[in-house]
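Asks: Okay, structure incoming, though there's no sequence with it:
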């Protein structure tokens with residue numbers, strides 16, 4: 001399946017923030033990419049450009065392609081809640097994102113690989129679909145054969161993040177998707193209202 005595999009620092013510089021996590025290269029050059037760097041004169045962005053940028057930031061942050069992202073938006077639009085908030089909740093409820101949040105991988109792309117390579121279980125069944133939507137009460141675990149994987153052990157050792165809607169048991173290598181997160185609990189710096197306005201045109 002098509003995925004962005006180019007330089008991540010370049011994308012982070014485009015948005016002016018480290019959307020892919022800690023990035024030493026970004027810290028050194030946290031201005032937009034381009035031949036003239038910081039000196040290039042940039043005109044005022046149009047309303048459409050600002051909205052498009054916000055949508056692209058969300059897509060790159062969660063590693064979702066355009067068609068999938070549009071489907072998530074349409075699903076959020078049909079729901080009873082606030083469309084923008086529901087959109088982010090759907091992104092957060094994806095299996096690959098939850099594996100990343102639980103600390104099993106230092107990046108979402110790494111988490112997606114763990115899922116597609118059949119290392120992750122949901123309610124004791126192997127699930128290899130990164131976009132699988134989790135429901136409150138689902139138990140996410142590491143397959144028995146994969147518990148000794150060094151990449152998972154290293155990632156867990158370096159992870160100190162705690163999220164209110166997830167619980168994690170280090171002894172059993174199992175986590176619980178307790179509830180769908182509220183907007184205030186989601187740490188991503190995304191102005192979801194701009195995305196709603198863009199798709200509503």
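Replies: Yep, it's here. Being a predicted model, the structure only gives us computed values, none of them experimental.
Asks: Grab the most central residue of this protein for me.
Replies: By CA atoms, centre = their mean, the chain has its centre lying nearest to residue 62, at 2.9 Å.
Asks: In contact with it: list those residues for me.
Replies: Residues near residue 62 by CB atoms under 8 Å, 6 or more residues apart in numbering: 91, 94, 97, 108. C-beta here means a position set from N, CA and C on the backbone, and glycine is covered the same way.
Asks: Name the helix or strand of the chain that has the lowest mean pLDDT.
Replies: Every helix and strand of the chain was ranked by mean pLDDT, DSSP states H and E. The lowest is helix 24-28, at a mean of 53.
Asks: For residue 135, which non-adjacent residue is spatially closest?
Replies: Once flanking residues are discounted, residue 135 sits nearest to residue 177: 7.2 Å by CB to CB, 6 or more residues apart in numbering.
Asks: what's the answer for residue 132, then?
Replies: residue 95 (4.1 Å).
Asks: can you give me the strands in the protein?
Replies: Assigned by DSSP state E, the chain shows strands spanning 120-122, 125-126, 139-142, 166-169, 174-177.
Asks: which residue ranges form the helices in the chain?
Replies: Along the chain, counting by DSSP state H, helices occupy 8-15, 24-28, 47-62, 66-78, 83-92, 95-101, 108-116, 150-157, 192-199.
Asks: Out of those helices, flag the one nearest residue 123.
Replies: With CB to CB, the closest approach to residue 123 among the helices of the chain belongs to helix 95-101: 11.7 Å.
Asks: Give me the distance from that closest one to the chain's centre.
Replies: Taking CA atoms, centre = their mean, to the nearest Å, one finds the center of helix 95-101 at 8 Å from the center of the full chain.
Asks: Show me the contact partners of that helix.
Replies: Here helix 95-101 makes contact (CB under 8 Å, 6+ apart) with 62-63, 91-92, 105, 107-108, 110-112, 114-115, 120, 122, 127, 129-134, 140, 161, 163, 166, 175, 177.
Asks: Could you give the average pLDDT over stretch 130-137?
Replies: Average pLDDT, stretch 130-137: 97.
Asks: Stretch 163-172 too?
Replies: 95.
Asks: Report the distance from it to the chain centre.
Replies: 18 Å.
Asks: what's the answer for stretch 95-105, then?
Replies: Averaging C-alpha positions (CA atoms, centre = their mean) puts stretch 95-105 9 Å from its chain's average.
Asks: What's the mean pLDDT across it?
Replies: Stretch 95-105 carries an average pLDDT of 96.
Asks: likewise stretch 63-80?
Replies: Average pLDDT, stretch 63-80: 94.
Asks: That concludes my questions; thank you for your assistance.
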